[in-house]
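Q: just the structure for this:
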Amino acid sequence: MSISLLDVVALTVNLPEYNLCQGQVGTVVEILASGEAFEVEFSDRQGRTYESIGLRAHQLMVLRFDPAPPCMVAV
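A: Purely as a prediction, here's the structure:
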């Protein structure tokens, strides 16, 4: 599944050097390296940014708010 500008994403890894943990939610604010990396902004409940870092796709999971077709799972 591709990642797009303004997608809401969750971290799939811990990043202790940035005080970010797996599961924290951010927004993609820029696409970098021809879509190989993404600038993700992490904000608090008041909308204040507390971290903005470049991340690779494997470090992120796009969150979906609308129903999606059934997932294809290999067995």
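Q: who does the residue nearest the centre of the chain form a beta bridge with?
A: Central residue of the chain (CA atoms, centre = their mean): residue 9, 2.9 Å from the mean position. Using DSSP bridges, the bridge partners assigned to residue 9 are residue 26, residue 62.
Q: list the contacts of it.
A: Contacts for residue 9 were tallied using CB atoms under 8 Å, 6 or more residues apart in numbering; they are 3, 25-28, 38, 40, 60-63. In this view, the C-beta of every residue, glycine as well, is placed from N, C-alpha and C.
Q: a markdown table for the residues you listed, including pLDDT?
A: Converted to a markdown table, the contacts of residue 9 look like this (pLDDT from 0 to 100):
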| residue | pLDDT |
| --- | --- |
| 3 | 96 |
| 25 | 97 |
| 26 | 98 |
| 27 | 98 |
| 28 | 98 |
| 38 | 98 |
| 40 | 98 |
| 60 | 98 |
| 61 | 96 |
| 62 | 96 |
| 63 | 95 |
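Q: ok, the residue nearest to the centre of the chain to residue 59 distance?
A: According to CB to CB, to the nearest Å, residue 9 and residue 59 sit 9 Å apart.
Q: likewise for residue 24?
A: In terms of CB to CB, residue 24 sits 11 Å off from residue 59.
Q: ditto for residue 65
A: Going from residue 65 to residue 59 by CB to CB gives 21 Å.
Q: what about these two, which has more around it?
A: Legend: neighbour count by other CB atoms under 10 Å for residue 65 and residue 59, higher for residue 59 (19 against 6).
Q: and stretch 27-46, which residues are buried?
A: Using 16 or more other CB atoms under 10 Å as the test for burial, stretch 27-46 gives 27-28, 37-40, 42.
Q: closest to residue 69 among these?
A: residue 28 (22.5 Å; CB to CB).
Q: from the contact counts, what lies against the helix or strand where that closest one lies?
A: If you go by DSSP states H and E, residue 28 is part of strand 25-32. Applying 3 or more CB pairs under 8 Å, 6 or more residues apart in numbering; DSSP states H and E, we find strand 25-32 packed against strand 8-11, strand 37-43, strand 49-56.
Q: one more pass at 10 Å, please.
A: Strand 25-32 makes packing contacts with strand 8-11, strand 37-43, strand 49-56, strand 60-62 when contacts are defined by 3 or more CB pairs under 10 Å, 6 or more residues apart in numbering; DSSP states H and E.
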